[in-house]
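Colleague: here is my input; please provide its structure:
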Amino acid sequence: MKFKISQNTDSMCDTPEQLVEMMSHIQYQDFTRLMSPLEVFITASGSCHDQVMLEMQELYNMGLKPVGKFIMSVDEFGEGEETHSFVYYKIGKRWYWFENACEQEPYLIEDTIRYNMIYSNEKELIDSVMFAFGRRNGFVNLYIADFNPADHTIGEDLDTLVDICMNSAE
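Modeller: You can find the predicted model right below:
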């Protein structure tokens, strides 16, 4: 069964700031299979892809229109390497990059990996994320694609998740 984000009254957070606080208790874990937002919350852990499922559900329940993106680095032989998913959204004229999950080190220079970075436009936000991911991966070939929860099935493996996301890769 495909996962559908839907507004409901069971939201755990009323504001993005509350979501930042809630997510600060969610730890990174290596991907094994795609988890539901509830599983991530109950286990207080999940991969970046799993955490995006929870973040998008909560942001949607707040009445926002979150956008999920998937990034993959590809080596010189065309083999996929590291992947990452993240969320962003717009309030008023500002764009927000919501980031909680990072396996090894923060994408930015800050001491924390949990933040809500603010940008003046969508291009600036995407460029910043791609630069940070590229810096982490030695500026190899990078692909960005959509991460739409409705395209995924809870429990799917990483190969399936990658294949689905890469259908929209740029």
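Colleague: tell me which element the residue lying farthest from the centre of the chain is part of?
Modeller: Here the chain has its C-alpha centre computed as a mean, and the residue farthest from that point, by CA atoms, centre = their mean, is residue 77 with 26.3 Å. Secondary-structure element containing residue 77, defined by DSSP states H and E: none, the residue being outside all helices and strands.
Colleague: can you pull the contacts of residue 120?
Modeller: Residues in contact with residue 120 (CB atoms under 8 Å, 6 or more residues apart in numbering) are 93, 94, 95. Heads up, the C-betas are built off the backbone N, CA and C, glycines and all.
Colleague: what do you get for residue 168?
Modeller: Residues in contact with residue 168 (CB under 8 Å, 6+ apart) are 145, 146.
Colleague: find the centremost residue of this protein, please.
Modeller: What sits nearest the mean C-alpha location of the chain, by CA atoms, centre = their mean, is residue 86, with 2.2 Å.
Colleague: quick check: it touching residue 52?
Modeller: Yes - the pair residue 86 and residue 52 qualifies as a contact (CB atoms under 8 Å) at a distance of 6.7 Å.
Colleague: pull the residues that contact the longest strand belonging to the chain.
Modeller: Longest strand in the chain, counting residues (DSSP state E): strand 80-91. Contacts made with strand 80-91 from outside it, assessed by CB under 8 Å, 6+ apart, are listed as 16, 48-49, 51-52, 55-56, 59, 64-75, 95-99, 102, 122, 125, 129, 133, 136-137, 140, 147, 158, 162, 165.
Colleague: mark which of those are part of helices, please.
Modeller: Taking DSSP state H as the definition of helices, the contacts of strand 80-91 contribute 16, 48-49, 51-52, 55-56, 59, 122, 125, 129, 133, 136, 158, 162, 165.
Colleague: picking that back up, only alpha carbons, please: show the longest strand of the chain as CSV.
Modeller: Presented in CSV, the C-alpha positions along strand 80-91 are these (Å, rounded to 0.1, in the frame of the first residue of the first chain):
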residue,chain,number,x,y,z
GLY,A,80,25.2,5.5,-7.2
GLU,A,81,26.9,6.2,-3.9
GLU,A,82,25.5,8.2,-1.0
THR,A,83,21.9,9.3,-0.9
HIS,A,84,20.1,11.8,1.1
SER,A,85,16.5,13.1,1.4
PHE,A,86,15.4,16.5,2.9
VAL,A,87,12.4,18.7,3.2
TYR,A,88,11.7,22.4,2.5
TYR,A,89,8.7,24.6,2.6
LYS,A,90,7.7,28.2,2.2
ILE,A,91,6.1,30.6,4.6
